[in-house]
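Engineer: Make a model of this:
(chains A, B, C, D, E and F)
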There are 4 protein chains.
Amino acid sequence: MAGSPAAERGQAVRRRLLEAAVELVPERGWSAVSTRTLAERAGVTPSVVHYHFPSLQALLIEGVLGAMREVAGAFEAALETIGTPAGAVDALLASVGEYSGVDPMSLLFAEASLTATRDDTLRQGIQEILAGLRARFGRWLAEHGVADADGTAGVLLAAVDGLLLHRALEPESDRGVAAAVLRRLVS
Amino acid sequence: MAGSPAAERGQAVRRRLLEAAVELVPERGWSAVSTRTLAERAGVTPSVVHYHFPSLQALLIEGVLGAMREVAGAFEAALETIGTPAGAVDALLASVGEYSGVDPMSLLFAEASLTATRDDTLRQGIQEILAGLRARFGRWLAEHGVADADGTAGVLLAAVDGLLLHRALEPESDRGVAAAVLRRLVS
Amino acid sequence: MAGSPAAERGQAVRRRLLEAAVELVPERGWSAVSTRTLAERAGVTPSVVHYHFPSLQALLIEGVLGAMREVAGAFEAALETIGTPAGAVDALLASVGEYSGVDPMSLLFAEASLTATRDDTLRQGIQEILAGLRARFGRWLAEHGVADADGTAGVLLAAVDGLLLHRALEPESDRGVAAAVLRRLVS
Amino acid sequence: MAGSPAAERGQAVRRRLLEAAVELVPERGWSAVSTRTLAERAGVTPSVVHYHFPSLQALLIEGVLGAMREVAGAFEAALETIGTPAGAVDALLASVGEYSGVDPMSLLFAEASLTATRDDTLRQGIQEILAGLRARFGRWLAEHGVADADGTAGVLLAAVDGLLLHRALEPESDRGVAAAVLRRLVS
DNA sequence: CATGAATGAGAATTCATTCAT
DNA sequence: GATGAATGAATTCTCATTCAT
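Structural biologist: As a prediction, this is how the structure comes out:
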């Protein structure tokens, strides 16, 4: 089940490439991530990229969707242990803003969303993630007595993306204020 | 006062180039707008771009900031004739979402914000616009009896950007729902 | 004989352009002098260049040959008042090395010589200047008792160009040493 | 120790590019050597240039400095077998003037010196070569009883560059005359 | 006399990708 | 599995020159 040593090494390289994609997309912007940059970050030669993936775009999409799924999953899992809607709002803000550092992940979401606008594969992947998240979060809000739970879930999810985008522009802005305001939506 | 015919034609070309930038940035993404694409859209040869602007980036920045300032100004002007906070929320959603078509302007905002993350000139310009808008909108909300007016203004502005980004991914989503939820923040 | 005021102004512009050429060729290298740079230095718009001269190259050639003729003429004139061959060597070194500052003129000579290698008009002009200078200087050396006067004149003229080229690479080098050595050729 | 066939072919291409640089710089002038010209001469496509070298300038500098070092080394080696200062002067004239044809190498020296005026990397390289050559030649002259050996070495080296520059302008000039004159400096 | 606009060629460089080894 | 070499298209930008006004 483990595969040959060579195959294992190959899987490790694949993983490193995907991680490099997740790092570089927020750092430089989706379309500024080049084969060479990516290979350097992953510590391999550019040709390796095309050995493991059919194209650079495919690699970026797989990496980014993977990271987004992880973040979404982490948030859904966190919901299980949270008791109040206000706590859920805080968890939501935290989940995106503090994955792997601070802002990178929020920038990753924004880059991905924007790019998805022009790439069908990526769009489908993101829509699926977002829809699942909205459904799950909406159900949770309903169970915890929030009115118009589905609509609220959608707005909260979107608002968080917008806040993180704005925070990328003004890193010094006070995130506590935003949290306080958003909590009003679920009280 | 009218300028020579040649100078007038030159100004017209400049204007057309700026308009083309505003169209193409949301359409293709900031970094996928090339000199050639831009020139074609504006109906000129590529060299003309560099005759009128020191660089392609400078042209994009000038065009995009101009459009953003226009939208911000239009929203601020609209506030004068609006009586209720709920009306202001609607106006805000409408101002960004319905300038020159539907989604383009919201994508423009998102693209610009993201790019600003890596370009100081652009960041400064956007920060200035956002700060002015937030201050003006905050004051208006305070005058109309909204609690925590400044914080609310900031969140609303950000939430709108996030909503438009999400809507770009799912054009069929119901915008009325979002408006209803956001209105709760100012009631 | 003075011409109309407009024509006079035109002559002044022509002169300024030629001066700009003489300044810029050593500063940036012959082929890096562009219409725009030249026009800026002369305080006019690029179109003016082509109004006064058939081409940029023609302007550069006229300007540079003019300056070289001036330097050669000044050295020939200086010979009249010099009594010893050693004095002539010093005057030669000074004439090229100290016209309009220090190094520019020597760089101008080198740039011109090199460019002349690939431009017939320029080559003819320089050959004429050099031949005249060599003849005049050779005669003077003969009159002052130097053996192999013509050959010595040619070598001295060339050596000076080489020394100035080397000095451009090492500005701190001691020019007195070179003068002392060269004087041995005429004693 | 031989390397793979592909790597060997790569090295051969690198070499051919460097050779093409050494040919083209004197032929067209440093700044008129373009990627395309160079690639054509070397028999490769333009992209290959940037695969093997970080920039066109880096390639030119490496090629030219290499050639100059070779010439300097050849002259230093020749000194070992030469008995008289007059012979050394002849060897010096010959070493530059007859490497790979006739004039190209002297033009290469002049082009490089001039360009070094505006490029620090190149200047450092040339200064190093010149300084080493001057030191070695000066020592040799001293050992062979020439007075003011260091100064004489410097002047001879420079004079040769100047002579070759002048000869490039007048190919028909008699090189024997110049040699005779220069020999007087070491007798 | 002079200018601003425009042109088209050419510059260096970067890129994703392919392929033989 | 992985690599170095090569390709050809695309990128931004600069240039000398022309021309209508």
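
Engineer: Spatially central residue for chain A, please.
Structural biologist: A:Met68 (3.1 Å; CA atoms, centre = their mean).

Engineer: from what I can see that residue touches A:Leu108, true?
Structural biologist: Yes. If you go by CB atoms under 8 Å, A:Met68 and A:Leu108 touch, sitting 7.5 Å apart. Glycine gets a C-beta too; all of them are placed from N, C-alpha and C.

Engineer: is the helix or strand bottoming out on mean pLDDT in chain A anywhere near DNA strand E?
Structural biologist: Between all helices and strands in chain A, the lowest mean by mean pLDDT, DSSP states H and E belongs to helix A:104-116, at a mean of 81. No. Judged by CB under 7 Å from any atom of the strand, helix A:104-116 makes no contact with DNA strand E; its nearest approach is 13.5 Å.

Engineer: wait, what's in contact with the closest residue in space to A:Pro85 that isn't next to it in sequence?
Structural biologist: Leaving aside its chain neighbours, A:Pro85 sits nearest to A:Val186 (3.6 Å; criterion: CB to CB, 6 or more residues apart in numbering or on different chains). Contacts of A:Val186 were listed using CB atoms under 8 Å, 6 or more residues apart in numbering or on different chains, and they are A:85-86, A:88-89, A:141, A:146, A:152, A:156.

Engineer: which of the residues you listed lies closest to A:Glu172?
Structural biologist: Checking the contacts of A:Val186 against A:Glu172 with CB to CB, the nearest one is A:Val89 at 22.0 Å.

Engineer: Tell me the buried residues in the helix or strand containing that closest one?
Structural biologist: Taking DSSP states H and E as the criterion, A:Val89 maps to helix A:85-97. Across helix A:85-97, burial judged by 16 or more other CB atoms under 10 Å in any protein chain shown covers A:85-90, A:92-97.

Engineer: Tabulate those (TSV), appending pLDDT.
Structural biologist: TSV is the format used below for those (pLDDT from 0 to 100):
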residue	pLDDT
A:Pro85	94
A:Ala86	93
A:Gly87	94
A:Ala88	95
A:Val89	93
A:Asp90	90
A:Leu92	90
A:Leu93	86
A:Ala94	83
A:Ser95	79
A:Val96	71
A:Gly97	65
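
Engineer: nearest to DNA strand F, of these?
Structural biologist: Using CB to the nearest atom of the strand, A:Val96 comes nearest to DNA strand F of the buried residues of helix A:85-97, at 31.8 Å.

Engineer: Let me see the contact set for the closest one.
Structural biologist: A:71, A:75, A:105-106, A:109, A:160-161, A:164.

Engineer: What is the neighbour count of A:Ser55?
Structural biologist: 11 (other CB atoms under 10 Å in any protein chain shown).

Engineer: Check A:Ser4 too.
Structural biologist: 8.

Engineer: how about the helices in chain A?
Structural biologist: A:5-28, A:35-42, A:46-52, A:56-79, A:85-97, A:104-116, A:120-143, A:149-169, A:175-183 (DSSP state H).

Engineer: Worst mean pLDDT among those helices?
Structural biologist: Mean pLDDT is lowest for helix A:104-116 among these, at a mean of 81.
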